[in-house]
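Visitor: no sequence for this one, just the structure:
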């Protein structure tokens, strides 16, 4: 049995080029696999920690993402009166939101990418746990002001407190930073939903976020609703 082993070892020495190429290819494949798995794991952790067990995101029927969803103000009103929606006093724990994208250059780079801008209402802050102001203040409703994720401000140009950025033809002023303990919305800019609706000339919302009373109400929400142009999705 010593001869085959000696032959294999000698073959490795003689054919150094092909041996190194094979080892490099295997190592590169393993490295790429580990990177992809690490990225997938990071995304899973971010999404799992971003969810609230009793929160629902409502999209238009057939929509697979917030960006291509559209709900009317009548839809929003109907949703707030559904049996099972949690209330704070006489106010339902529900909010309508608008999503749009802006292009921003990255710091230290000539390239850039799209950044999500979310139009939110006062109830949005109550429905998403973990939100806290890291610097400055929260925007005032009705004004063209914005709060920017601290992580986004560190990565993109022109998003420091006092800076202005443009959404279509309107300039928004950054008045504060926020963080959210690594949750998904930490990659967003938040502005007042009514201000964003006026800026983008939209009379519809992208989504509705609401909270139900308990698991029984949650299960009831997932029953088919005929003649309703929206569908419910549990938030991760």
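Guide: Everything's here; your move. Because the structure is predicted, anything quoted here is derived from the model rather than measured. Numbers count the residues shown, from 1 in each chain.
Visitor: And the pLDDT at residue 41?
Guide: Residue 41 is assigned 61 on the pLDDT scale.
Visitor: Over to residue 35?
Guide: Looking at residue 35, the pLDDT reads 81.
Visitor: Name the helix or strand for it, please.
Guide: helix 16-50 (DSSP states H and E).
Visitor: Each with direction, which strands does the helix or strand following that helix pair with?
Guide: Downstream of helix 16-50, the first helix or strand assigned by DSSP H and E is strand 55-60. Using DSSP bridges, strand 55-60 pairs in its sheet with strand 207-211 (antiparallel), strand 230-234 (antiparallel).
Visitor: Do a quick rundown of the helices in the chain.
Guide: 2-14, 16-50, 73-80, 122-127, 150-155, 193-200, 215-221 (DSSP state H).
Visitor: comparing the strands paired with strand 55-60, which gets the lowest mean pLDDT score?
Guide: strand 230-234 (a mean of 45).
Visitor: From the opening residue of stretch 122-138 to its closing one, how far?
Guide: 10 Å (Cα to Cα, to the nearest Å).
Visitor: Flag every buried residue along that stretch.
Guide: Within stretch 122-138, the residues scored as buried using 16 or more other Cβ atoms under 10 Å are 123, 124, 125, 127, 128, 131, 136, 138. Using the backbone N, CA and C atoms, a C-beta is placed for each residue, glycine as well.
Visitor: can you check stretch 157-169 too?
Guide: Those would be 159, 165, 167, for stretch 157-169 by 16+ other Cβ under 10 Å.
Visitor: Then stretch 191-203?
Guide: Here stretch 191-203 shows 191, 192, 193, 195, 196, 197, 199 as buried, counting by 16+ other Cβ under 10 Å.
Visitor: Stretch 83-90 now?
Guide: Buried-residue list, stretch 83-90, by 16+ other Cβ under 10 Å: 84, 85, 86.
Visitor: How about residues contacting that stretch?
Guide: Residues outside stretch 83-90 that contact it (Cβ atoms under 8 Å, 6 or more residues apart in numbering) are 54, 79, 92-94, 126, 210-213, 216-218, 220-221.
Visitor: Tell me the buried residues within these.
Guide: 54, 79, 92, 93, 94, 210, 211, 212, 217, 218, 221.
Visitor: how much space between residue 110 and residue 185?
Guide: 28 Å (Cβ to Cβ, to the nearest Å).
Visitor: Which of the two has more residues huddled nearby?
Guide: It is residue 185, of residue 110 and residue 185, that has more neighbours when counted by other Cβ atoms under 10 Å, with 18 against 6.
Visitor: in the chain, which segments are predicted with low confidence?
Guide: Counting by pLDDT under 70, the chain has low-confidence residues at 1-14, 16, 39-51, 222-236.
Visitor: Contacts only, for the nearest residue to residue 149 once chain neighbours are set aside.
Guide: Distances taken as Cβ to Cβ, 6 or more residues apart in numbering place residue 186 nearest to residue 149, at 4.8 Å, with adjacent residues excluded. Going by Cβ under 8 Å, 6+ apart, residue 186 touches 149, 150, 151, 152, 179, 180.
Visitor: go on, residue 135?
Guide: Contacts of residue 135 (Cβ under 8 Å, 6+ apart): 150, 161, 176, 177.
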